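> 3D, please:
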Amino acid sequence: MFDIVPPSAIREGRATDAYFDRTLTTLTDADVDPHVVAEVTADQFPTGNFELFTGVEDAAELLSDRPIDVDALPEGQLFDGGPVMRIEGRYTEFARLETALLGFLSHASGIATNALHARRVAPDSQLLSFGARHVHPSMAAVVERGALVAGFDGFSHVAAGELLGKEASGTMPHALVLCFGAGEQEAAWTAFDSAVGEDVPRIALCDTFSDETDEVLRAAEAIDLDGVRIDTPSSRRGDFRHIAREVRWRLDADGFEDVDLFLSGGIEPTDLRALRDVADGFGVGGYVSNADPIDFALDIVEIDGEPIAKRGKLSGEKDVYRTEEGGHRVRPASDSGTGEPLLEPLIRDGEIVREFDIDEATERALADAERVGFGTGD
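Model (predicted):
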C-alpha cells in the first residue's frame with residue numbers, strides 16, 4: 001500500500017480538514033443550512049502579477065453530481081486578482097470539499113504558471129517536462145498537464161501520458177551508458193539504435209565518461225543521430241554556455257549541422273535566457289514540478305442573497321474581465337463590466353456543462369500570455 005488518499009475518499013469529501021466535519025455536525029444539529037455564494041480567490045485586487053489557471057477539470061469532477069452551480073475561468077486563462085471560481089448552493093453541499101478543491105487548483109496552477117514563465121523565456125526552443133521524479137507519483141499527471149497547458153512540447157512520464165492521451169518523450173539515461181561500462185559508449189548508443197522503434201528519436205546522452213565534445217562526436221560517428229543531450233552535473237559544469245557553444249561548433253565543423261543539441265539538468269529561466277541561442281531544446285525539471293502552489297482561498301461572499309464576508313475579504317458576488325489593453329478587472333456582479341467576461345459556466349445543478357481539451361487550453365494560455373504581456377520582465 002502507498003500513502004495515497006484514494007479517489008473515493010476525495011470524491012466523498014473525506015479528504016478534508018477536520019474542522020469541516022465539525023462544522024457540518026454543528027450546522028446539522030442547529031438546523032442551519034443557508035444558500036450561499038462562495039468564491040475562490042488568490043488576491044482580492046489585481047497586483048500586476050498574472051498567474052495561470054489550471055486544475056479545473058479535476059475540480060469539476062469533485063463538485064459534480066451535487067445540487068450546486070459553479071462558474072470558473074476556463075483552463076489556460078491567466079488571472080490577476082478576483083474570483084477564479086464561484087460556487088452557489090446550500091453550504092452543506094460542498095463544505096467538506098473545500099480542502100480537496102483548493103488542493104486541485106492551487107498545486108496545478110502553480111506548476112502551470114512556472115511552466116509558462118519557462119515557455120515565455122524560450123519561445124522558440126523545444127521544451128520537455130522532466131520533473132515528475134521530484135513529486136509524489138500520484139502528482140505526475142498534474143505536472144505534465146500543467147506543462148502542456150503552458151506550451152511545453154512534451155513530457156517524460158509514461159503513466160501520465162496514458163492518462164492524458166499523450167505520448168511520453170525520452171531516450172536514454174546515464175544508467176544505460178554505465179551498464180555497458182567505461183569506454184563502451186559506442187556499444188550503448190548502437191544497442192539503443194538497434195533496440196528501440198523507428199519512431200523514437202535518436203538522441204544520445206553524451207557526457208557520461210569523458211569530455212562532452214568528445215562523446216558527442218563519437219556518438220555522431222556511431223549512429224545516425226537526431227540530436228545529442230548534455231546533462232553535465234553542476235559540480236563539473238563550469239561555463240555551461242561555453243560547453244554548449246563548443247559542442248555546437250564541433251558538430252557543425254565536422255558536418256553534423258542537422259544534429260540538434262539539447263540541454264538538461266537544473267534548468268531554470270535564467271539558464272534558458274543564457275542558453276536559448278546555442279541549444280535547440282531543454283529538459284526542464286524541478287523548476288516546473290517544484291513550483292510553489294498558488295495560495296487560493298475559498299470564502300463565502302453572500303448568504304441568502306445578502307452580501308457578507310469576513311474582514312479583509314470583499315463581500316458580494318463578483319465578475320472578472322479582460323480589458324482591451326490586456327488588463328484584469330474585478331467588478332461587482334451587479335455592475336456591467338468593461339471588457340471580456342472571463343467566468344464561464346462549469347456546473348449547472350450538479351451537471352458538468354463544459355468540455356476540456358488540453359490543446360485548446362494551451363492555445364488560450366499562449367494567446368492570453370501575449371495579450372497581458374506575461375513574463376516580459378523575465
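> for E246, helix, strand, or coil?
Of the three states, E246 takes helix under DSSP: H, G, I helix; E, B strand; the rest coil.
> leaving out the residues flanking it, which one is nearest to it?
Leaving out its chain neighbours, the residue that sits closest to E246 by C-beta to C-beta, 6 or more residues apart in numbering is T213, at 5.5 Å. (Each C-beta comes from the backbone N, C-alpha and C, glycine too.)
> what packs against the helix or strand containing the one you found?
Following DSSP states H and E, one finds T213 within helix 212-222. Applying 3 or more C-beta pairs under 8 Å, 6 or more residues apart in numbering; DSSP states H and E, one finds that helix 212-222 contacts helix 185-195, strand 203-205, strand 227-230, helix 240-253.
> what comes up buried for that helix?
Going by neighbour count (16 or more other C-beta atoms under 10 Å), the buried part of helix 212-222 is E212, T213, E215, V216, L217, A219, A220, A222.
> then stretch 62-75?
By neighbour count on 16+ other C-beta under 10 Å, the buried set for stretch 62-75 is L62, L63, S64, R66, I68, D69, V70, D71, A72, L73, P74, E75.
> dump it to PDB, restricted to CA.
The C-alpha trace of stretch 62-75 is given here as PDB (Å, rounded to 0.1, in the frame of the first residue of the first chain):
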ATOM      1  CA  LEU A  62     -15.100  16.800  -7.500                       C
ATOM      2  CA  LEU A  63     -18.000  19.200  -7.400                       C
ATOM      3  CA  SER A  64     -20.300  17.400  -9.900                       C
ATOM      4  CA  ASP A  65     -23.400  15.400  -9.000                       C
ATOM      5  CA  ARG A  66     -24.300  17.900  -6.300                       C
ATOM      6  CA  PRO A  67     -27.200  20.400  -6.400                       C
ATOM      7  CA  ILE A  68     -24.900  23.400  -6.900                       C
ATOM      8  CA  ASP A  69     -24.000  25.800  -9.700                       C
ATOM      9  CA  VAL A  70     -20.400  26.600 -10.400                       C
ATOM     10  CA  ASP A  71     -18.700  29.200 -12.700                       C
ATOM     11  CA  ALA A  72     -15.000  29.300 -13.300                       C
ATOM     12  CA  LEU A  73     -12.300  30.600 -15.600                       C
ATOM     13  CA  PRO A  74     -11.500  28.300 -18.500                       C
ATOM     14  CA  GLU A  75      -8.400  26.200 -18.200                       C
END
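> got a list of contacts for that stretch?
When contacts are defined by C-beta atoms under 8 Å, 6 or more residues apart in numbering, stretch 62-75 is touched by residues 10-11, 53-54, 56-57, 59-60, 79, 84-90, 93-94, 97, 100-101, 104, 149, 320, 342-352, 354, 356, 361, 364.
> any stretches of the stretch 201-350 of the chain with poor pLDDT?
By pLDDT under 70, the low-scoring segments of the stretch 201-350 of the chain are 235, 337.
> mind running it again at 90?
By pLDDT under 90, the low-scoring segments of the stretch 201-350 of the chain are 232-239, 324, 334-339.
> quick one, helices of it?
Ranges of helices within the stretch 201-350 of the chain are 212-222, 240-253, 269-275, 286-289, based on DSSP state H, counting those that start in this stretch.
> just checking, what packs against the shortest one?
With contacts taken as 3+ C-beta pairs under 8 Å, 6+ apart, helix 286-289 sits against helix 98-121, helix 140-149.
> try 10 Å
Secondary-structure packing of helix 286-289 (3 or more C-beta pairs under 10 Å, 6 or more residues apart in numbering; DSSP states H and E): helix 98-121, strand 126-129, helix 140-149, helix 269-275.
> ranking the ones you listed by burial, who's on top?
Highest mean neighbour count among these (mean count of other C-beta atoms under 10 Å): helix 140-149, with a mean of 27.
> avg pLDDT for that one?
What helix 140-149 shows for mean pLDDT is 98.
> save the helices of the stretch 201-350 of the chain as CSV, and put in distance to A187 too.
Below are those laid out as CSV (distance: least, C-beta to C-beta, whole Å):
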stretch, distance to A187
helix 212-222, 9
helix 240-253, 22
helix 269-275, 30
helix 286-289, 32
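> for A160, which of the ones you listed is the nearest?
Closest to A160 of those is helix 286-289 (C-beta to C-beta; 11.3 Å).
> nearest to G285, of the helices and strands packed on helix 286-289?
Ranking the helices and strands packed on helix 286-289 by their distance to G285 (criterion: C-beta to C-beta) puts strand 126-129 first, at 7.6 Å.
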